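Asks: what follows is a protein structure lacking sequence information:
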């Protein structure tokens with residue numbers, strides 16, 4: 001097996017929304033440092049590829065120091081890897097000796113962000129033991145369910161192009177960007193999701209096409225079976241703006 005680490009950009013969240021969207025902040029929107037919140041994430045891979053890739057980020061503690069560690073059990077019997085975050089981020093690539101399905105366990109003192117890079121390779125994801133998670137990006141995979149009820153500080157959740165048919169975001173009152181596009185939600189499930197969305201004002205302004213005023217939260221639901229029949233006014237009345245790309 002092969003394993004490599006690359007340095008990644010220090011910002012935990014990077015967006016490229018496209019030229020049609022302009023974004024400005026309500027003054028100083030930078031999130032203050034927080035003390036560490038230990039976390040653990042479990043991922044199950046399909047075995048469709050020998051290689052897995054993902055990016056992890058951490059948050060500064062209250063003194064502004066980045067000193068977190070992460071341990072990874074790759075699920076193939078090799079020793080657990082313990083790593084130190086470089087500039088708040090780790091980009092990891094691991095190659096297995098065969099294409100057997102694996103269960104990967106990630107344990108960290110400061111983990112706030114996960115981006116899984118391998119298309120159609122992730123079959124299950126458990127983030128219930130990662131309460132400090134702020135950013136979760138797992139598009140283009142095979143997830144049929146996802147529990148984010150323990151992730152109350154989650155701000156960005158991108159699960160486009162999976163096999164989800166419902167999602168409970170009742171506890172996610174810090175969300176300001178949610179993409180469920182290209183899943184299996186019917187109209188009832190989408191409307192149910194809209195009703196769960198919080199109505200708090202977010203910390204950013206987003207200017208989107210055809211909107212009469214900027215919005216502070218974004219949601220994408222296109223590509224689901226129920227998209228043409230859902231009631232967007234439910235989310236719109238809570239201050240959410242719609243975009244149609246993940």
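Replies: That came in fine, so what should we check first? As the structure is a computational prediction, the values presented were derived from the model and not from experiment. Numbering: from 1, shown residues only.
Asks: quick one, helices of the chain?
Replies: Secondary structure of the chain (DSSP state H): helices at 187-196, 233-236.
Asks: do you know which of the ones you listed lies nearest residue 102?
Replies: helix 187-196 (30.5 Å; Cβ to Cβ). Bear in mind the C-beta positions are built from the backbone N, C-alpha and C, glycine included.
Asks: can I get the helices of the chain in CSV with mean neighbour count?
Replies: As requested, the helices of the chain are arranged in CSV below (neighbours: other Cβ atoms under 10 Å):
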stretch, mean neighbour count
helix 187-196, 18
helix 233-236, 16
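Asks: any chance of these in a markdown table, plus mean pLDDT and distance to residue 131?
Replies: Compiled in a markdown table, those are given as follows (pLDDT from 0 to 100; distance: least, Cβ to Cβ, whole Å):
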| stretch | mean pLDDT | distance to residue 131 |
| --- | --- | --- |
| helix 187-196 | 98 | 19 |
| helix 233-236 | 96 | 26 |
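Asks: how about JSON lines for those helices, with distance to residue 146 added?
Replies: Formatted as JSON lines, those follow (distance: least, Cβ to Cβ, whole Å):
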{"stretch": "helix 187-196", "distance to residue 146": "12"}
{"stretch": "helix 233-236", "distance to residue 146": "19"}
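Asks: so which of these gets nearest residue 56?
Replies: Of all those, helix 187-196 comes closest under Cβ to Cβ, at 27.3 Å.
Asks: contacts for that closest one?
Replies: Contact partners of helix 187-196, identified using Cβ atoms under 8 Å, 6 or more residues apart in numbering, comprise 165-170, 180, 185, 221, 224-227, 229-232, 234-235, 238, 240.
Asks: among the residues you listed, which ones are in strands?
Replies: Among those, DSSP state E puts residue 240 in strands.
Asks: now, of the contacts of helix 187-196, which are buried?
Replies: Neighbour-count burial (16 or more other Cβ atoms under 10 Å) is assigned, among the contacts of helix 187-196, to 166-167, 169, 180, 185, 221, 224, 226-227, 230, 234-235, 240.
Asks: between the helices of the chain, which one is closest to residue 85.
Replies: helix 187-196 (32.9 Å).
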